[in-house]
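Peer 1: quick one, structure for this:
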Amino acid sequence: MVKKIGLTAFSSETAVAPIESWGLDDLIVARVRVAAGAGVTVLRLAYPKNVFDPFCDPPSEPFQTPRSQLTAIVRRIAGSTRCKRYVVVTAFPGAYSRTNQPLSGVGVYQTSLFKKAYLFADFLVTVFDGENFAIRKNPYATIESRLTAAFVPRKDFDREIDSTLFPSSAVEAVNSTALRNGARAVLAETLDDRLPAFLRE
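Peer 2: Numbers count the residues shown, from 1 in each chain. Have a look, this model is predicted:
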């Protein structure tokens, strides 16, 4: 996502850049492998392009929730594979500061007020049980974690970059080595912080 945040929603601009060439899927698998620890086999399962569309942009159908959509998608991808856990990392619809300006997935944003630019990684980790595809409890959604969050500020992984690196278009973003390397570093750091809690028994 390339986001220019204006003073109002009407003065903000958003573009989506196709960054498959940045190798983020491989990076995620590598960080899951590290978090899982030695002796644990981690496989990357191939999946068709756009298979996650029903989850990211769910249709308005009765009895269909994003969670049920995601479960159906993971079952389909898993097929006959037998794993103890299935780890899924998807873009998360977050927001800039305390505004209604959406920031989702991996990207770069710039604020018009201060002209500062930042790289970010907003994602959701979901872990499925390999036997019945039940979604395992989110370790950050417990009462204890919420109490901790109330007193300990959330770690901010947004990384400020030189404002001249902010791209003028989605194409420029895709072709920027600095943005690619910076985004990979932010994503890796955030994954390394969050994944271990999800993979503990």
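Peer 1: make it CA atoms for all contacts and neighbour counts henceforth
Peer 2: Noted.
Peer 1: let me know the pLDDT of residue 150.
Peer 2: In this prediction, residue 150 carries a pLDDT score of 47.
Peer 1: how about the longest helix seen in the chain: buried residues?
Peer 2: In the chain, assigned by DSSP state H, the helix with the most residues is helix 177-199. Within helix 177-199, the residues scored as buried using 16 or more other C-alpha atoms under 10 Å are 179-180, 182-188, 190-192, 195-196, 198.
Peer 1: for the residue nearest to residue 169 when sequence neighbours are not counted, list the residues it contacts.
Peer 2: Distance criterion C-alpha to C-alpha, 6 or more residues apart in numbering; nearest residue to residue 169, sequence neighbours excluded, is residue 15 at 7.4 Å. Contacts were defined as C-alpha atoms under 8 Å, 6 or more residues apart in numbering; by that measure residue 15 touches 1, 2, 3, 169, 170.
Peer 1: relative to residue 131, which of those is nearest.
Peer 2: The shortest distance between residue 131 and any of these, using C-alpha to C-alpha, involves residue 1 and amounts to 35.3 Å.
Peer 1: helices of the protein, residue ranges please.
Peer 2: With DSSP H as the criterion, the chain has helices spanning 24-36, 53-56, 66-78, 143-151, 170-174, 177-199.
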